[in-house]
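requesting a structural model of the entry that follows:
(one chain, ligands or ions: 2)
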Amino acid sequence: MGIFKTTIFQSVKQAFTKTKDQITDKLSEVFSKKTIEPGDLEQIENILLQSDFGIEFTEKLLEILKKKIRNGEEITLQNLKEITQQIFISEYNSLIKDSQLTHSSPHFIILLGINGSGKTTTIAKLANYYSNLNKSVVIGSCDTFRAAANEQLNIWAKRTNVQIIEDFSKDPAAVAYETCNVALNNSIDVVLLDTAGRLHTNKNLLDELKKILNAVKKVAKEKSIEIFLVVDGNSGQNAKNQLNEFSKVVNVTGLIITKLDGTAKGGSVLQLCLANKVPIKFLGIGEQVNDFVEFDPKDYIKSIFE
Ligand SMILES: Nc1nc2c(ncn2[C@@H]2O[C@H](COP(=O)(O)OP(=O)(O)OP(=O)(O)O)[C@@H](O)[C@H]2O)c(=O)[nH]1
Ligand SMILES: [Mg+2]
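Ligands and ions are numbered 1, 2, ... in the order given. Just a heads-up that it's a prediction; the model follows:
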């Protein structure tokens, strides 16, 4: 378990190398002379904003720094890193305290998000993740719009060796209903439903999403349904809008942030964490099924600032 945990941390660290380099290099320049003065704060603000930490968090951090300067305290780069980690962890813990779902069996999971955010790849990653936990998995191919989407999911189902339910005359809600029933009748542990990419402005597609959800509810009855919004880690401020808009239509229970490998905007994870009470569940850090980690706020913030 210890080794496993270390490996995950190494992967997270690896994924955030660019963000870390960007922040650390630039902050090191600011701190190169001595300790910081009020005139340096603007530069620190810009560095954090460029990495997508978001205005709210950045402002909060700057307030603390200003106070310390006023009190005549010396601030070093190490102090700044520690303060950032502390605020993040304490805010995160207070935000997500009450937001964890209790899981039933089957565990119903629907993925949604805008086009190309990484939903289908994430379905494969989740299938692999749960299979590795010795859970049985069935995938529902509810993106019935594009033949290519179904083909893509079939390839992943084969690779991850899990059952896939598809077609049903190309009705996404019918596929969802059937997939959930197959799981229920065969004591399958996890249901993963892939959906078509959609914008929050497309009414027809949002109605279709509601139909999918209703189909799942018919089978799940009182059991909890997990709805994960899949967000591209490069989308910055726009990620928050996506969450706000989709939350008006369905009850988003968790976030999955993808494509964090190679981005210097890893602060977006922090921003999304603190934006509302929706917890981040997983991070996508590459195109392969194993490029996927459970989100751990401590690992995350350490990987950026240590
Ligand atoms: N580097 C990287 N690429 C990713 C990650 N997740 C997905 N991708 C890539 O992003 C592209 C889109 O991924 P899909 O899984 O097809 O996205 P989608 O949301 O299902 O797309 P639509 O169904 O068209 O809405 C593919 O080229 C994936 O390989 C990730 O974590 N890292
Ligand atoms: Mg897809």
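
keeping just the C-alphas, turn the helix or strand that contains Val138 into PDB.
Assigned by DSSP states H and E, Val138 belongs to strand 137-141. Taking Å, rounded to 0.1, in the frame of the first residue of the first chain, the C-alpha atoms of strand 137-141 are listed here in PDB:
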ATOM      1  CA  VAL A 137     -18.000  -3.400 -14.500                       C
ATOM      2  CA  VAL A 138     -20.500  -2.800 -17.300                       C
ATOM      3  CA  ILE A 139     -20.200   0.100 -19.700                       C
ATOM      4  CA  GLY A 140     -23.200   1.800 -21.400                       C
ATOM      5  CA  SER A 141     -22.500   3.500 -24.700                       C
END
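
Ala173 - that's part of a strand, no?
No - read with DSSP: H, G, I helix; E, B strand; the rest coil, Ala173 is helix and lies in no strand.

quick one: pLDDT of it?
Here the pLDDT value assigned to Ala173 is 97.

let me know the pLDDT of Asp98.
So Asp98 comes in at 55 (pLDDT).

what parts of the stretch 101-250 of the chain come near ligand 1?
Gly113, Asn115, Gly116, Ser117, Gly118, Lys119, Thr120, Thr121, Asp143, Ala149, Gly197 (CB under 6 Å from any ligand atom). No exception for glycine: its C-beta is placed from N, CA and C like everyone else's.

contact partners for the nearest residue to Lys68 once chain neighbours are set aside?
In space, not counting the residues next to it along the chain, Lys68 is nearest to Ile75; the distance is 5.7 Å by CB to CB, 6 or more residues apart in numbering. Counting by CB atoms under 8 Å, 6 or more residues apart in numbering, Ile75 makes contact with Thr35, Ile36, Leu65, Lys68, Ile69.

closest to ligand 1 out of those residues?
Proximity to ligand 1 was ranked across the contacts of Ile75 by CB to the nearest ligand atom; first place goes to Leu65, at 33.4 Å.

does that closest one touch Ile36 like I think?
Yes - contact criterion CB atoms under 8 Å: Leu65 and Ile36 qualify, at 7.3 Å.

list residues touching both of these two?
Common neighbours of Leu65 and Ile36 (CB under 8 Å, 6+ apart) are Ile44, Ile75, Leu80.

could you dump those residues into JSON lines and include pLDDT, distance to ligand 1 and secondary structure?
As requested, the shared contacts of Leu65 and Ile36 are exported to JSON lines (pLDDT from 0 to 100; distance: CB to the nearest ligand atom, whole Å; DSSP: H, G, I helix; E, B strand; the rest coil):
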{"residue": "Ile44", "pLDDT": "90", "distance to ligand 1": "29", "secondary structure": "helix"}
{"residue": "Ile75", "pLDDT": "87", "distance to ligand 1": "35", "secondary structure": "coil"}
{"residue": "Leu80", "pLDDT": "88", "distance to ligand 1": "29", "secondary structure": "helix"}
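
which among these gets closest to ligand 2?
Ligand 2 has its nearest neighbour among these in Ile44, at 39.2 Å by CB to the ion.

so which strand or helix has Ile109?
strand 107-112.

report the angle between the axes of the helix or strand following that strand and strand 137-141?
Next helix or strand after strand 107-112 toward the C-terminus (DSSP H and E): helix 119-132. Comparing the axes of helix 119-132 and strand 137-141 via axes from the mean of the first three to the mean of the last three CA atoms, to 10 degrees yields an angle of 170 degrees.

on contacts alone, who are the packing partners of helix 119-132?
Identification of packing neighbours for helix 119-132 by 3 or more CB pairs under 8 Å, 6 or more residues apart in numbering; DSSP states H and E yields strand 107-112, strand 137-141, helix 147-160, strand 190-194, strand 225-232, strand 254-258, strand 280-284, strand 292-294.

quick one: closest of those to Leu126.
Nearest of those to Leu126, taken as CB to CB: strand 190-194 at 5.4 Å.

can I get that closest one in PDB? Just the C-alpha atoms.
The C-alpha atoms that make up strand 190-194 are tabulated as PDB, following Å, rounded to 0.1, in the frame of the first residue of the first chain:
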ATOM      1  CA  VAL A 190     -20.200  -0.600 -11.300                       C
ATOM      2  CA  VAL A 191     -22.200   0.900 -14.100                       C
ATOM      3  CA  LEU A 192     -20.300   3.400 -16.300                       C
ATOM      4  CA  LEU A 193     -22.400   5.500 -18.800                       C
ATOM      5  CA  ASP A 194     -20.600   7.400 -21.500                       C
END
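
ok so, going back, quick one: the strand holding Ile109 near ligand 2?
No - figure legend: strand 107-112 not in contact with ligand 2 (CB under 5 Å from the ion); closest approach 8.6 Å.

all further residue positions should be reported with the first residue as 22.
New numbering, starting at 22: the last item is strand 128-133.
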